[in-house]
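Enquirer: Curious how this folds, go ahead:
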Amino acid sequence: MRVLFAGMPCATSSIVLQTLLAAAIDVCGVVLPAGRWARANAPAPIVPLHPPMLQLASAAPTLAERAWAHNLPVFELRRADAPETLATLAALRPDAASVACFPLRLPPALIALPPHGTLNVHPSLLPAHRGPAPLFWAFRAGEDSSGVTIHQMDADLDSGPIVRQARFALPDGMSGAAAETGTARLGA
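Expert: Residues are numbered from 1 along each chain as shown. Below you'll find the predicted structure:
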């Protein structure tokens, strides 16, 4: 099964992609949001990214570096609803898609592109803390636990049918980074 992965430079996306690759899942491409990689003069809605000629050693590889290390195509997404975006990603022939912390809303046509659907790894026990920064909101509310939800994506935000959930303890003193890593590993 060919899986298209969408994420961003964060621990959750990195851990989920790393787990897919370690499980020998056939990841057919990685989609990143336009951001620090953005080319100011690139008008295309989706742009292929290529490894730099010179790479500096870093403590942990970025999401793009991890993908390039596995010879995966990496794309910078600027406009998810553009016909060129759908055509580019359809050419990868994904059977399913996996999303982890992708900050852009995906249109229904893109969610429906893979015949086996699009799954999202969300670091909360949905329906609690839908949307961005769910762990922040769990900490802010003083909750002693949160969790992770794997759900099918639909047109609304974090509202598709739940496939699986697991609880994760948030003991006093736990850092946000530790909570993110823990829920990512649990979700992956």
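Enquirer: Could you give the average pLDDT over the host helix or strand of residue 138?
Expert: Taking DSSP states H and E as the definition, residue 138 sits inside helix 134-140. For helix 134-140, mean pLDDT is 89.
Enquirer: CA atoms only: put it into PDB for me.
Expert: What follows is helix 134-140 as a C-alpha-only set of coordinates in PDB (Å, rounded to 0.1, in the frame of the first residue of the first chain):
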ATOM      1  CA  PRO A 134      -4.500  20.500  21.500                       C
ATOM      2  CA  LEU A 135      -1.800  19.800  24.100                       C
ATOM      3  CA  PHE A 136      -1.500  23.500  24.900                       C
ATOM      4  CA  TRP A 137      -5.200  23.600  25.700                       C
ATOM      5  CA  ALA A 138      -5.000  20.400  27.800                       C
ATOM      6  CA  PHE A 139      -2.200  21.900  29.900                       C
ATOM      7  CA  ARG A 140      -4.000  25.200  30.100                       C
END
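Enquirer: List the buried residues of it.
Expert: Within helix 134-140, the residues that count as buried by 16 or more other Cβ atoms under 10 Å are 134, 135, 137, 138, 139. Using the backbone N, CA and C atoms, a C-beta is placed for each residue, glycine as well.
Enquirer: quick one: contacts for the last one?
Expert: Under the criterion of Cβ atoms under 8 Å, 6 or more residues apart in numbering, the neighbours of residue 139 are 170, 176, 179.
Enquirer: at 7 Å what do you get?
Expert: 170, 176 (Cβ atoms under 7 Å, 6 or more residues apart in numbering).
Enquirer: Roughly how far does it sit from residue 176?
Expert: The gap separating residue 139 from residue 176 is 7 Å, by Cβ to Cβ, to the nearest Å.
Enquirer: is it possible to export the buried residues of helix 134-140 to a markdown table including distance to residue 147?
Expert: As requested, these are arranged in a markdown table below (distance: Cβ to Cβ, whole Å):
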| residue | distance to residue 147 |
| --- | --- |
| 134 | 10 |
| 135 | 10 |
| 137 | 13 |
| 138 | 9 |
| 139 | 14 |
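Enquirer: Looking at those residues, point me to the pair that's furthest apart.
Expert: Farthest-apart pair in those is 134 and 139; separation 9.9 Å (Cβ to Cβ).
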